[in-house]
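Participant: this one's sequence-less:
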């Protein structure tokens, strides 16, 4: 990475807009470049100084009343949930997105966070569908977690937890390297009776735990959650209750492994 | 299901109020920075909300704030045009030219070593107000309205890469202005 690239990217680093692997690249440059390190420190200090001052304005009450009077009167209150911003839900699901139109050359490889979780999930479903074609499901065939886990080493920037859940009714059958949004992503493959479950694992810069959410896309159920710096998407055609059972057992097993 | 596009539909009015009114302070804040005038900002915000209601049936999400900001920008453009045709206000309305200006460097003064000192909100607001468009807009959307890069790109209709370079330049300009003020005060 050059200083020209870092000059722009350090702002994305300050703003938490880089995914983990690109954040590391910028940090690596900064460790070796005193000038960029000083720039980063100076802009961080400016940001801190600015956050101490309240730079927002508050709309005057008279404006609020004017607008209130100008809008048609609402219906009687109902119990429909207000339209909440999806942003807080999506924050931290870092996936790739090629940035275009940047002056600095290297920046085409830059990855910023995607707020469009929907797009990622439909790619996840596409990856799941691809995996169901003949000879696409598994790169490493093994029911042994100690064979599958090391296989991922060096192929990904993450080490996906590989846990055998055969005793709990979900048989580990192998692992695969897949591509979602133009990035390599780990897929751990399980079977439940005749049904395939793909568990996709990708890195995120956000280490906070996010509870599971189930969605249905093109008839497939996706259970998505985040834990310890990893985003997970479990995809299958099994029912949402069974997919939840899978996720709960997987999360419990990860928890046990960390504690044990 | 037939879509009711009547602005008098009470259910739609309720949904609009729930979705849009919580962002009133944010929209007003952006208007104050873009127009630099309290009463013009109030008029622009009211117009923004009326237009937003009118187009609410076209709203597809996901985030309400960038959508409202995009509408506010259009309202402000009309205000810029009105001001430009008015006799005395001069407006720097050449963002393309501004975009060509090189990034501000002061390496000879080694500004990296110099810390910026704390200032009160009104002094910082003045410095932000003095930033040239489109850098000010990007800066306010990021630092004050707290939008993600993707949301800023949606609101201003520019690629994320452009947002990133504008933001880098806006911060460099603000820092230079800040240091220059400190120098004068010394």
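Facilitator: Yes, it's here. Nothing here was measured: the structure is a model prediction, and the numbers come from that model.

Participant: now do the SS call for the closest residue to residue A:166 other than its chain neighbours.
Facilitator: Distance criterion Cβ to Cβ, 6 or more residues apart in numbering or on different chains; nearest residue to residue A:166, sequence neighbours excluded, is residue A:172 at 6.6 Å. Heads up, the C-betas are built off the backbone N, CA and C, glycines and all. Using DSSP: H, G, I helix; E, B strand; the rest coil, the structure places residue A:172 in strand.

Participant: which residues of the stretch 101-250 of chain A score low on pLDDT?
Facilitator: Across the stretch 101-250 of chain A, the ranges flagged by pLDDT under 70 are A:101-118, A:182.

Participant: what about chain B, any weak spots by pLDDT?
Facilitator: Those would be B:1-8, B:62, B:87-113, B:186, if you go by pLDDT under 70 across chain B.

Participant: rerun that using 80 as the cut-off
Facilitator: For chain B, the stretches with pLDDT under 80 are B:1-10, B:60-62, B:86-114, B:184-186.

Participant: any chance you could map the helices in it?
Facilitator: B:10-20, B:24-35, B:38-54, B:64-85, B:95-100, B:121-129, B:135-139, B:149-156, B:160-185 (DSSP state H).

Participant: can you redo those as CSV with distance to chain A and mean neighbour count?
Facilitator: Output for those, formatted as CSV (distance: least, Cβ to the nearest Cβ, whole Å; neighbours: other Cβ atoms under 10 Å in any protein chain shown):
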stretch, distance to chain A, mean neighbour count
helix B:10-20, 4, 19
helix B:24-35, 4, 23
helix B:38-54, 5, 19
helix B:64-85, 7, 18
helix B:95-100, 10, 11
helix B:121-129, 4, 15
helix B:135-139, 10, 23
helix B:149-156, 5, 23
helix B:160-185, 4, 20
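
Participant: so for residue A:55, which of those sits nearest?
Facilitator: Of all the helices of chain B, it is helix B:121-129 that lies closest to residue A:55, at 5.8 Å by Cβ to Cβ.

Participant: on that earlier part again, show me what the residue nearest to residue A:166 is bridged to.
Facilitator: residue A:190 (DSSP bridges).

Participant: now for it, how many residues are close by?
Facilitator: Counted with other Cβ atoms under 10 Å in any protein chain shown, the neighbours of residue A:172 add up to 21.

Participant: again, but for residue A:178
Facilitator: 21.

Participant: and the helix or strand where it lies, what does it pack against?
Facilitator: Taking DSSP states H and E as the criterion, residue A:178 maps to strand A:171-180. Using 3 or more Cβ pairs under 8 Å, 6 or more residues apart in numbering or on different chains; DSSP states H and E, the elements in contact with strand A:171-180 are helix A:117-131, strand A:140-141, helix A:145-151, strand A:183-192, strand A:195-203.
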